[in-house]
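Asker: Pasting the sequence and the predicted model now:
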Amino acid sequence: MAESDESSGAFRAIELNGRVVHATCGWASKSQVLSIYQAGEASSGQTRLPRYAESFGAVEVDSCTYAIPSGDVTKRWVDATPDGFQFIVKAFGGFCAPSVDVKSLPRDVREALASSSSAASRVKYATMSTAAKDILWDKMNAALAPMRDAGKLAMVVFQFHTTQEPSETLREHVLECQSRLQRGGGRVNVAVEFRNREWVMGDVGEATVRWCKENDLCLVAADELEHETAQSDRDQRGLPHGAVRRRMYTRLETTCDWGSLIRVHRRHGTTERVLDADDIEFWARTISNAAPPQKSAPTYVAWGTEWLDAPLTNAKALDAALDAIQHNAWTYDWYGTRHHRTSKPLPTKSKSVTIADMFAAAKQPTAPPLDVNRTPSPSAKKRKLASPARTAPNSTSLAELWARPREPKR
């Protein structure tokens, strides 16, 4: 992140040093109905992103997991966001998953694969031809270039499935991916998320931390519930009968000097996606222990808790818990300091640019179905009936924005 001239009064990257920067896991999902959006904005990625960027300092781009967008699309994202805003980009699934559906690959990659003897519906990255791999990486680097050149690319996250156990082969693959990204014309920060907890536990975990430090990799801290992780992401059914709600083993380590990333997921239900006091306290203590106030890099927290204002509620609660440990040591009022940042004016409605344009036809994951057999609490019933307000934020600080009472729908 390049710094602006201090005398100009513009945003300076140093402002984020040692601070917690909040994000959500995507911004275009229909399930994201944050009250910060005005009427009509939530239906369009074109108008949604600038409004979103007023209140959040970063966003996770999860659509890249399903399809690699063009550089023209990512350039629009860059132009729609203010100075200092950061993109956390999830790498294309073909680089991470054990195998990938051939239909999700770009056409020219499919054509390169068709020239080989294999005609399978799924393909492994390791078995792709050199030509096919080169095309994929050229497209990935082209998509990242506008964000990187504008100083808005926080990192690229390679997320590996729970079935991918610790191995030297996977370590070598990660380093190959890191090397491929550096060939795109500039430095790109790389983060790794191992969803198989064997990577981060015991002696293997210590070795993983050392390996990340040696190779300038950010080791992602993933907060997932055991019963949710065991279920298909699109088929969440809630807590099984007789099971116990339990967070999977999580560790946050400072493995590089440019930043840390925490990804918090709650996949099922409604009010269940608002973290309870114990979860918030856990993360406040964890951040304060791993990221002392003098730390010269931000800690990004990506909230995968889509339900009404749950991401805002969780972010507000974590900030309050961190302030209780040491006032103003980690928190950063992105909304309240927006006058320091150069921003593009919010776009007017336009039919020329669609959500399909914004995401280059990348299919977005749908919200998980609710458990119809579960009896909601009285408070949950009330919340489900309420519609989030579509009024513009008019407070002078993000804390006030989050704390303001919900206005009735007009």
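Answerer: Arrived safely.
Asker: Strands of the stretch 151-300 of the chain, residue ranges please.
Answerer: 153-160, 190-194, 217-219, 221-223, 260-265, 299-304 (DSSP state E, counting those that start in this stretch).
Asker: helices or strands next to the longest one in the packing?
Answerer: Read that as strand 153-160. Packing partners of strand 153-160 (3 or more Cβ pairs under 8 Å, 6 or more residues apart in numbering; DSSP states H and E): strand 86-90, helix 130-149, helix 168-182, strand 190-194. For every residue, glycine as well, the C-beta is placed using N, CA and C.
Asker: relative orientation of it and strand 86-90 in degrees?
Answerer: Strand 153-160 and strand 86-90 meet at an angle of 20 degrees, taking axes from the mean of the first three to the mean of the last three Cα atoms, to 10 degrees as the criterion.
Asker: and the helices and strands packed on strand 153-160 as TSV, adding mean neighbour count, mean pLDDT and distance to Lys124?
Answerer: Output for those, formatted as TSV (neighbours: other Cβ atoms under 10 Å; pLDDT from 0 to 100; distance: least, Cβ to Cβ, whole Å):
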stretch	mean neighbour count	mean pLDDT	distance to Lys124
strand 86-90	25	98	19
helix 130-149	20	95	11
helix 168-182	15	97	11
strand 190-194	24	98	18
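Asker: Skip the chain neighbours and tell me the closest residue to Met286.
Answerer: Check again: residue 286 is Thr, not Met. Leu252 (5.1 Å; Cβ to Cβ, 6 or more residues apart in numbering).
Asker: right, and that neighbour touches Arg285 too?
Answerer: No: the criterion here is Cβ atoms under 8 Å, and Leu252 misses it with Arg285 at 10.2 Å.
Asker: quick one, which of those two is more surrounded?
Answerer: More neighbours surround Leu252 than the other of Leu252 and Arg285, with 21 against 13 (other Cβ atoms under 10 Å).
Asker: Quick test: name the residue nearest the centre of the chain.
Answerer: For the chain, Glu60 is the residue whose C-alpha lies nearest the centre (Cα atoms, centre = their mean; 2.7 Å).
Asker: May I have the secondary structure class of it?
Answerer: Secondary structure assignment for Glu60 (DSSP: H, G, I helix; E, B strand; the rest coil): strand.
Asker: Which residues does it form beta bridges with?
Answerer: Note on Glu60: beta-bridge partners Cys25, Ile88, judged by DSSP bridges.
Asker: Next one: it from His173, what distance?
Answerer: For Glu60, the distance to His173 equals 22 Å [Cβ to Cβ, to the nearest Å].
Asker: Could you do Trp330 as well?
Answerer: 34 Å.
Asker: and if you look at Lys133?
Answerer: Per Cβ to Cβ, Lys133 is found 12 Å from His173.
Asker: sorry, back to before: so the residue nearest to the centre of the chain sits right up against Val21, yeah?
Answerer: No: in terms of Cβ under 8 Å, Glu60 does not count as a neighbour of Val21; the distance is 11.6 Å.
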